[in-house]
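>>> just coords:
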């Protein structure tokens, strides 16, 4: 089942820990605390992900057979099996609001992380591996792969964002980067303009 909220929680968890879109572990910024405590869909996704992670049972060890298994029968001649079909594409326009918001915030984080080319093939593989560990299904993974392959621009993120989600979209993007390059600063300025955020609103989001 397509679950962008779980995916958002996983990426938020990685970003707060410095493992998504960052060359090094961040220190001294308050965005992690703000995202968890005060920013609507971001906080809900983080809380839901943490709850899900704490409830996941450890895999049970496989029992050792008491006797050796019987030798397999010789396989009958058959046609080679076709590979499984790719997961069906999702019509994102029909998603409930909470899931649509999660999709937008995931896109904002990926777009920001890609602003200066940080998401290289090795990083993409790490993100996909962590998504698998977080328990996302094949369809959600396919969505993540597509977004990592072709990140959105700051202007397109702004155009996709509903008015009530502007602050969260900006915060999500800022969580994914260190703002230590001109490309990242330019991306965030463009995104803030596209979202219609005032300078005071941006300062407040970056503040303690």
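All right, it came through fine. Remember, it's a predicted structure, so these values are computed and weren't measured experimentally.

>>> for stretch 98-117, what is the average pLDDT?
The average pLDDT within stretch 98-117 is 89.

>>> in it, which residues are buried?
Buried residues in stretch 98-117, counting neighbours by 16 or more other CB atoms under 10 Å, are found at 99-116. Bear in mind the C-beta positions are built from the backbone N, C-alpha and C, glycine included.

>>> tell me what whatever helix or strand residue 168 lives in is packed against?
Applying DSSP states H and E as the criterion places residue 168 in helix 166-175. Applying 3 or more CB pairs under 8 Å, 6 or more residues apart in numbering; DSSP states H and E, one finds that helix 166-175 contacts helix 4-16, helix 31-37, helix 40-55, helix 97-113, helix 154-160, helix 182-195, helix 199-206.

>>> so which of these comes closest to residue 134?
Nearest of the helices and strands packed on helix 166-175 to residue 134, taken as CB to CB: helix 4-16 at 4.0 Å.

>>> tell me how many other residues crowd the nearest residue to residue 112 once chain neighbours are set aside.
Sequence neighbours aside, residue 173 is the residue nearest to residue 112 in space, at 3.8 Å (criterion: CB to CB, 6 or more residues apart in numbering). A count of nearby residues for residue 173, using other CB atoms under 10 Å, gives 27.

>>> do the same with residue 203
Residue 203, neighbours per other CB under 10 Å, totals 10.

>>> with residue 161 as the reference, measure out to residue 1.
Look at residue 1 and residue 161: by CB to CB, to the nearest Å, they are 25 Å apart.

>>> quick one, which of those two is more surrounded?
residue 161 (23 against 7).

>>> OK, contacts around that one?
Taking CB atoms under 8 Å, 6 or more residues apart in numbering, we find residue 161 in contact with 104, 108, 169, 195.

>>> cool, and residue 185?
Counting by CB under 8 Å, 6+ apart, residue 185 has contacts residue 179.

>>> do the same with residue 201
By CB under 8 Å, 6+ apart, the contact list for residue 201 reads residue 167.

>>> and it, how close does it get to residue 166?
For residue 201 relative to residue 166 (CB to CB), the value is 8 Å.

>>> ok, now residue 156?
Distance from residue 156 to residue 166, by CB to CB: 14 Å.

>>> what of residue 132?
Taken as CB to CB, the span from residue 132 to residue 166 is 32 Å.

>>> comparing those two, which shows the higher neighbour count?
Each of residue 132 and residue 166 had its neighbours counted (other CB under 10 Å), and the higher figure belongs to residue 166 (18 against 14).

>>> circling back to that earlier point, quick check, the residue nearest to residue 112 in contact with residue 190.
No: Residue 173 sits out of contact with residue 190 when judged by CB atoms under 8 Å, with a separation of 10.2 Å.

>>> need the residues touching each of those two.
Residues touching both residue 173 and residue 190 by CB under 8 Å, 6+ apart: residue 154.

>>> burial count for residue 150?
Quick note: residue 150 (other CB under 10 Å) scores 8 neighbours.

>>> same deal with the one 10 residues further on?
With neighbours defined by other CB under 10 Å, the count for residue 160 comes to 17.

>>> cool, residue 163 as well?
For residue 163, the neighbour count with other CB under 10 Å is 7.

>>> return the helix or strand in this protein with minimum mean pLDDT.
Using mean pLDDT, DSSP states H and E, the weakest-scoring helix or strand in the chain turns out to be helix 31-37, at a mean of 46.
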